[in-house]
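**Q** Show me the folded form of this:
(one chain, ligands or ions: 2)
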Amino acid sequence: MSVFELSPALAEKQDITSIIVFGASGDLAKKKTFPALFQLYKSNLLPKHTRIHGYARTDMSREEFEKRVTSNIKGTPALIEAFLSHCNYTHGSYSQGEDFERLKAVITEGEKDMQTEPVEFADENDKAGRLIGNRLRVYYMALPPSAFTMVASNIKAHVYEPDVINHIVIEKPFGFDRDTSKELNMELSRHFKESEIFRTDHYLGKEMVKNIIVLRFANTFYSASWNNKYISNIQITFREPFGTEGRGGYFDSFGIIRDVMQNHLIQVLSILAMEPPKSLDAEDIRDCKAEVLRYIPPVKLEETLLGQYVASEDGTKPGYKDDPTVPKDSNTPTFAALVLHINNDRWRGVPFIMKAGKAVESAKVIVRVQFKDASSKLFPDVSRDELIIRISPTESIYTKNVVKLPGLGNKLAMSALELNYPNVFQDRMIPEPYAALLLDVIGNDHSNFVREDELDEAWRIFTPLLHQIDQGKATLLPYPYGSRGPAGSNEFPTKFGNYKAT
Ligand code: NDP
Ligand code: BG6
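**A** Ligands and ions are numbered 1, 2, ... in the order given. Okay, the predicted model is just below:
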């Protein structure tokens, strides 16, 4: 199924659906997975016959479990009550076969109950064309990666049934570098087929990321100019105004490049840069994304600027190493700017600049496409046109163009045409990425999930640089919490990326 053909009848599906959330006692489950499931339920988008099974080691009462499930959701008491009636919790280990057998018994019992629920048909075609009572099991790994393979192998040994549709959802990080990612994939592929695996990158569920393919291929204006003849450089920037407080332990072994660049930002880049897919089918899109990544050589340390934040200038915000879970000699970057080159005919000579920083002055994730200087000599020295796609915080697309300044005379000005999503589409809801992605998992749409070959290419591009950083070969420049980044970061796109300030 393709990304733009979301079946309106999903809620009418008669499939018997079991969603098993491993790590149900954890942070992701509480903050994202259960709220996303509730959003789908509330919007009548979960299949009619659904059970949600939480599973983790923590021995929780029904009351405690309900508290976790509902702590980040909003709805009427009746709706919440109805949602909870679809949920249950089982505690057990991740290592013992008998615990998974118990879980299987709970799932099977739920499936039997659902089989007795009244079946309604959306229409006669549905009745004629579909097998009623397909069983779908979604295994959602809201777990630390160290537990992925053990749980996957126990699911396969004790829960998996071949006549059931089995989907396994795993969360980033998918490995630590190219080799560990290959190992993880190899291990997973011993138990699950690639078609059963959904590697989540929540950026692929974001509305403005999904919009890039539309913007590029549904508009002549952009499709005609989307190449090195017209585009000078592209910047993908991620800024967060908070540090790693509370997550220092996790973050210190990963760093900003593994945390957001090797996954979220490279995914955005691959959609921005791919060739037109043959169709909107998931495999056609993923073929093109993987293909463009093959033209990118590994990032060079010389074309990188790295930083680590220190306490804010007024002393009110702590430095990265003030976190007790961060080693005092940590050389983990919390800021990085780097250049990617795509050596194909479309993009040769167009630098793609990625910048990402924690504890900087603003919250923003944007794509900035800067066009070349106007070729006409009628207006010398004018600024360059730009297209900006704001992924967050407020979804928007705007262009910066040179216009005549109103009034007598012929002065020029730079002005913007803006499409601000919440203002323009006031009657439309912008879905939460996790809800959109879960719906795709249920609907078996892989378009917005990372395929093994894409992942491997992404690691190939970043692994040599990451190893150099891990070996202490990189210099990290300090920057105060709440600043724009280390010295040189503002000039970086000009120095390495053809960028000209507008
Ligand atoms: P948690 O650390 O909260 O772990 C989830 C659950 O897993 C815990 O409640 C615990 O449950 C179990 N667990 C914890 N440590 C271990 C261990 N060493 N071995 C086995 N089980 C363990 O993780 P998150 O919920 O934050 O994240 C889950 C996954 O999602 C990770 O891969 C993370 O990188 C990813 N992720 C998280 C995001 C977030 O916002 N939290 C955002 C994006 C991705 P119990 O002890 O009860 O079994
Ligand atoms: C996560 C990273 O994957 O993405 C976090 O681990 C980061 O460090 C987050 O804050 C950003 O996601 P979003 O949706 O808030 O832009």
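
**Q** Now do the contacts for S396.
**A** For S396, the contact set (Cβ atoms under 8 Å, 6 or more residues apart in numbering) comprises 388-390, 418-421. The way it works is simple: take the backbone N, C-alpha and C, and place the C-beta from them, glycine included.

**Q** May I see the PyMOL selection of the buried members of these?
**A** Buried members of the contacts of S396, identified by 16 or more other Cβ atoms under 10 Å, are gathered into one PyMOL selection as follows:
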select buried, resi 388+389+390+421
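
**Q** neighbours around the closest residue in space to E418 that isn't next to it in sequence, how many?
**A** Excluding the flanking residues, the one nearest E418 by Cβ to Cβ, 6 or more residues apart in numbering is Y398, at 4.0 Å. Neighbourhood size, Y398 [other Cβ atoms under 10 Å]: 15.

**Q** May I ask which helix or strand encompasses Y398?
**A** Counting by DSSP states H and E, the element that carries Y398 is strand 396-404.

**Q** Show me which residues of this structure sit near ligand 2.
**A** Proximity of the chain to ligand 2 is confined to 202, 240, 259-260, 365, 392 under the rule Cβ under 6 Å from any ligand atom.

**Q** between the contacts of S396, which is closest to ligand 2?
**A** Among those, R390 lies closest to ligand 2 (Cβ to the nearest ligand atom), at 11.9 Å.

**Q** follow-up on the earlier one: can you name the element that comes right after the strand holding Y398?
**A** Next in line after strand 396-404, if elements are assigned by DSSP H and E, sits strand 412-420.

**Q** Identify each buried residue in the next helix or strand after that next one, please.
**A** Downstream of strand 412-420, the next assigned helix or strand under DSSP H and E is helix 421-424. For helix 421-424, the neighbour count (16+ other Cβ under 10 Å) marks Y421 as buried.

**Q** Looking at the contacts of S396, spot the one nearest ligand 1.
**A** Closest to ligand 1, out of all of the contacts of S396 and judged by Cβ to the nearest ligand atom, is R390, at 21.3 Å.

**Q** ok, the closest residue to A413 other than its chain neighbours - contacts?
**A** In space, and not counting its chain neighbours, A413 is closest to L405: 4.2 Å by Cβ to Cβ, 6+ apart. The contact partners of L405, by Cβ under 8 Å, 6+ apart, come to 411-413.

**Q** could those residues be laid out in CSV, adding neighbour count, distance to D179 and pLDDT?
**A** Shown next, in CSV, are the contacts of L405 (neighbours: other Cβ atoms under 10 Å; distance: Cβ to Cβ, whole Å; pLDDT from 0 to 100):
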residue, neighbour count, distance to D179, pLDDT
K411, 9, 59, 92
L412, 13, 54, 94
A413, 12, 53, 94
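
**Q** Where does pLDDT dip in the protein?
**A** 1-14, 118-133 (pLDDT under 70).

**Q** Just the closest residue of the stretch 201-350 of the chain to ligand 1, please.
**A** Residue of the stretch 201-350 of the chain nearest ligand 1, by Cβ to the nearest ligand atom: H202 (6.6 Å).

**Q** how much space between the residue nearest to A413 and M414?
**A** 10 Å (Cβ to Cβ, to the nearest Å).

**Q** Next: Q471.
**A** Applying Cβ to Cβ, the value for Q471 to M414 is 45 Å.
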